[in-house]
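Colleague: pasting a predicted model and its sequence here:
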Amino acid sequence: MNLRQQRITTAIALFLVFSTTQLYVSVSFAGPQPSTVGSEVAVPAPQQATGSLTTHDNKPITVNGAAASSGTTIVTGASIETPDGVGGTVNLGSLGSLHIDPNTKLTMEFQQGSVKVMLLRGCVILAH
């Protein structure tokens, strides 16, 4: 093999190595692919439904054992207790709102499409 053929072979080999490297680098910068389990595409979990608390005269009530006032976010499974003379409302968006009378104790669970209230004491009204 003469010197000219050797240089051409070296140049072609370097070009192929460079091209292959660029291809792999380009693929690695592509967007993430959805993870799959078997042949199914994994779907992200839906966001948990929440409610917003408003108390009468912005006085505190008890949510999960801690004092809470207007603007507190209520999550499903919350235990709510109102003292004498203080009521509140939990706005659940498209599910409606739960009006809680004074001196009431309850636990509420909600998700898209349903509301479940376990009333231990007092009175509540679910308005849609």
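Modeller: That came through, no problem. Numbers count the residues shown, from 1 in each chain.

Colleague: what's the first-to-last distance across stretch 93-109?
Modeller: Start-to-end span of stretch 93-109 (Cα to Cα, to the nearest Å) is 14 Å.

Colleague: from now on call the first residue 496
Modeller: In the new count, where the first residue is 496, that last one comes out as stretch 588-604.

Colleague: got the domain boundaries for this structure?
Modeller: 498-530, 545-622 (automatic domain parsing).

Colleague: what pLDDT, on average, does the shortest one get?
Modeller: In this model, domain 498-530 has a mean pLDDT of 73.

Colleague: ditto for the longest one
Modeller: Rounded to a whole number, the mean pLDDT of domain 545-622 is 91.

Colleague: span of that domain from start to end?
Modeller: 16 Å.

Colleague: hmm, who's touching stretch 603-618?
Modeller: Residues from elsewhere that reach stretch 603-618, judged by Cβ atoms under 8 Å, 6 or more residues apart in numbering: 541, 544, 546, 569, 571-573, 575, 577, 585, 587, 589-591, 593, 595-602, 619, 621. Yep, even glycine has a C-beta here, placed from its N, CA and C like the rest.

Colleague: redo that, cut-off 10 Å
Modeller: Stretch 603-618 is contacted by residues 541-546, 569-577, 582, 585, 587-602, 619, 621, 623 when judged by Cβ atoms under 10 Å, 6 or more residues apart in numbering.

Colleague: next one: stretch 553-569
Modeller: Stretch 553-569 is contacted from outside by 544-552, 570, 572-578, 580-587, 593, 595, 597, 599-600, 602-603, 605, using Cβ under 10 Å, 6+ apart.

Colleague: determine how far the last residue of it lies from the first.
Modeller: End-to-end span of stretch 553-569 (Cα to Cα): 16 Å.
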